[in-house]
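Chemist: After the sequence you'll find the predicted model.
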Amino acid sequence: MPNIHSVNTPLYSKNNGSWKRDDAVINITDLRLRTYIGFNPEELSKQQDVLINCELSYRADEACNSDDEATALNYKIITKQIIRHVEEGRFRLLEKLAEDLLQFLMENEMVIRAKVRIDKPHALRFADSVSVTLSASRP
């Protein structure tokens with residue numbers, strides 16, 4: 001079946017205001033990495049697993065209308081930078097790691113809102129995980 005919409009025509013009407021597209025949300029889910037995290041002697045000498053989840057919101061009107069990757073938020077580059085920062089770093093607190101990632105995500109001017117959740121599996125004896133979540137948005 002042929003596409004009835006041209007590449008540059010939005011799937012909604014700007015003129016009559018029948019609906020407005022919300023921000024796009026990109027989720028990076030369960031990025032499994034290893035890093036030095038903690039302050040106990042064993043944690044200082046042995047890398048541990050962390051799970052990273054990020055939620056990024058941005059205006060995607062141009063990407064939706066053009067189908068051009070140059071107009072979209074590049075989550076592959078973002079993920080590679082997260083991996084490098086986490087794997088090369090040393091962190092005492094989950095809060096510090098989450099703040100570092102949140103600051104990095106908000107440096108990208110396309111990002112309107114960001115939320116980062118860092119899980120540390122097996123941090124507590126009777127729990128699957130302990131996590132910290134931080135979020136930020138542009139005024």
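Modeler: Sure thing, it's come through.
Chemist: in this structure, which residue is closest to the centre?
Modeler: With distances taken as C-alpha atoms, centre = their mean, residue 54 lies nearest the centre of the chain, 2.9 Å away.
Chemist: what's in contact with the worst-scoring helix or strand of the chain on mean pLDDT?
Modeler: Ranking every helix and strand in the chain by mean pLDDT, DSSP states H and E puts helix 41-45 at the bottom, with a mean of 84. Outside helix 41-45, the residues that touch it by C-beta atoms under 8 Å, 6 or more residues apart in numbering are 36, 37, 38. No exception for glycine: its C-beta is placed from N, CA and C like everyone else's.
Chemist: And the second one, how far from residue 52?
Modeler: Computed with C-beta to C-beta, to the nearest Å, the distance linking residue 37 and residue 52 is 11 Å.
Chemist: Quick check: residue 77 vs residue 105, distance?
Modeler: For residue 77, the distance to residue 105 equals 12 Å [C-beta to C-beta].
Chemist: So between those two, which is more surrounded?
Modeler: Neighbours were counted for residue 77 and for residue 105 using other C-beta atoms under 10 Å; residue 105 has more, 21 against 10.
Chemist: Which strand or helix spans the more buried one?
Modeler: Assessed by DSSP states H and E, residue 105 sits inside helix 94-107.
Chemist: Kindly provide the whole-number mean pLDDT of that helix.
Modeler: The average pLDDT within helix 94-107 is 96.
Chemist: So which of the contacts of helix 41-45 is the closest to residue 89?
Modeler: residue 36 (7.4 Å; C-beta to C-beta).
Chemist: Correct me if wrong: the closest one contacts residue 87.
Modeler: No - between residue 36 and residue 87 there is no contact under C-beta atoms under 8 Å: 9.7 Å.
Chemist: and these two? which has more neighbours close in?
Modeler: Counted by other C-beta under 10 Å, residue 36 and residue 87 do not tie: residue 36 has more neighbours, with 17 against 13.
Chemist: which residues are contacting the helix or strand hosting that one?
Modeler: Under the criterion of DSSP H and E, residue 36 resides in strand 24-37. Contacts to strand 24-37, defined as C-beta under 8 Å, 6+ apart, come from residues 43-44, 46-60, 63-64, 73, 75, 78-79, 82-83, 86-87, 89-92, 94, 97, 120.
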